[in-house]
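Novice: take a look and give me a structure for this.
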Amino acid sequence: MVKYSCIVLLALSFIFNSCETSTDVSTALKYQEYTVIDAKLSAGKFFEGVRITHTLPLGEEYDIHKAEIIDAIAYIRENGVKVIPIHYTSEGLYKTITEIHIKAGTQYELFADINGKSVYSSTFVPDTPVVNQVFNANNNYLIAEVSAKPNEAYGAAWIIPRGIDSLIAGDFHSILTANHFPSDITLRTIDIPAPYNTPAYSDLFYIKVFAFDKAYKDYFETRTSSEPIEETFTSGGGAVAWNVYGKNVIGLFIGTAEGYMVHP
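Specialist: Numbering: from 1, shown residues only. Sure thing, here's the model as predicted:
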């Protein structure tokens, strides 16, 4: 089982089989470069920065030093008032000069000028999700009931805590929002894989709920609509519901909060 730090998108691979009769297909398609924004703003944690890169031509091996953008002029704005400049550090990562904490219940906006092109995004950072109760569904997956709030979306992951060697689900089963408030919603994890879905392991599992800006739900439900995803945030534009705006810009600038681990 692969260890994941938080949220890892599933890699998709496509195999094309040839037929008895081959046909030459023109590959002279015009390459469209996209600016890529990658930022996660986690409630109660230090701001990790915004990675600003661009896509590379199809077939070219990914190299961060070829993809990074080093001359963007960018800043974030907190609750529409406080302006915080961010500066290039290395490998396309733009950070603040002094460390800042991300505040729950706060709106953050990203403004950037990249070679004369404007980029904008806005996200809401949720608070720590409140878990009312949890269940173990016959060792196949875990279920959590959560008190939902406006502007937030939720997902749940199973965890076997082992310190730095903890195992965590590689993806979410679904990302859910509530239709009215106050409201409780029921989340489930993805299936627990063999050999862990047995009674012998049932006491080792915990569930952890993650809260997101509600825009993450649209992204989650459309993330496979584009080209095959090899790396987070590096697929083409397609119909994916990114939450960054500008000409030929893709990616996520998203607020999130982690809940506490809860045993069923």
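Novice: break down the stretch 151-264 of the chain into its helices, ranges please.
Specialist: 215-222 (DSSP state H, counting those that start in this stretch).
Novice: what does the stretch 1-150 of the chain give?
Specialist: So, for the stretch 1-150 of the chain - with DSSP H, counting those that start in this stretch - the helices run 64-67.
Novice: name the residues linked to the nearest residue to Gly92 once chain neighbours are set aside by a beta bridge.
Specialist: The shortest distance from Gly92 to any residue other than its chain neighbours is 3.4 Å, reached at Glu68 (Cβ to Cβ, 6 or more residues apart in numbering). Placement of C-beta: from N, CA and C, glycine included. Residues in a beta bridge with Glu68, per DSSP bridges, are Thr53.
Novice: likewise for Ala153?
Specialist: Here Ala153, judged by DSSP bridges, has bridge partners Phe212.
Novice: correct me, but it touches Tyr219?
Specialist: No - between Ala153 and Tyr219 there is no contact, the gap being 9.6 Å when judged by Cβ atoms under 8 Å.
Novice: and these two? Which one has more around it.
Specialist: Ala153 (24 against 19; other Cβ atoms under 10 Å).
Novice: now stretch 137-149: buried residues?
Specialist: Tyr141, Leu142, Ile143, Ala144, Glu145, Val146, Ala148, Lys149 (16 or more other Cβ atoms under 10 Å).
Novice: in the residues you listed, find the pair that's most separated.
Specialist: Tyr141 and Lys149 (24.2 Å; Cβ to Cβ).
Novice: sheet partners, orientation included, of the helix or strand of the chain with the lowest mean pLDDT?
Specialist: Here the helix or strand of the chain ranked lowest by mean pLDDT, DSSP states H and E is strand 167-168, holding a mean of 90. Applying DSSP bridges, strand 167-168 is found paired with strand 152-160 (antiparallel).
Novice: the partner strand vs helix 215-222, what angle?
Specialist: If you take axes from the mean of the first three to the mean of the last three Cα atoms, to 10 degrees, strand 152-160 sits at 70 degrees to helix 215-222.
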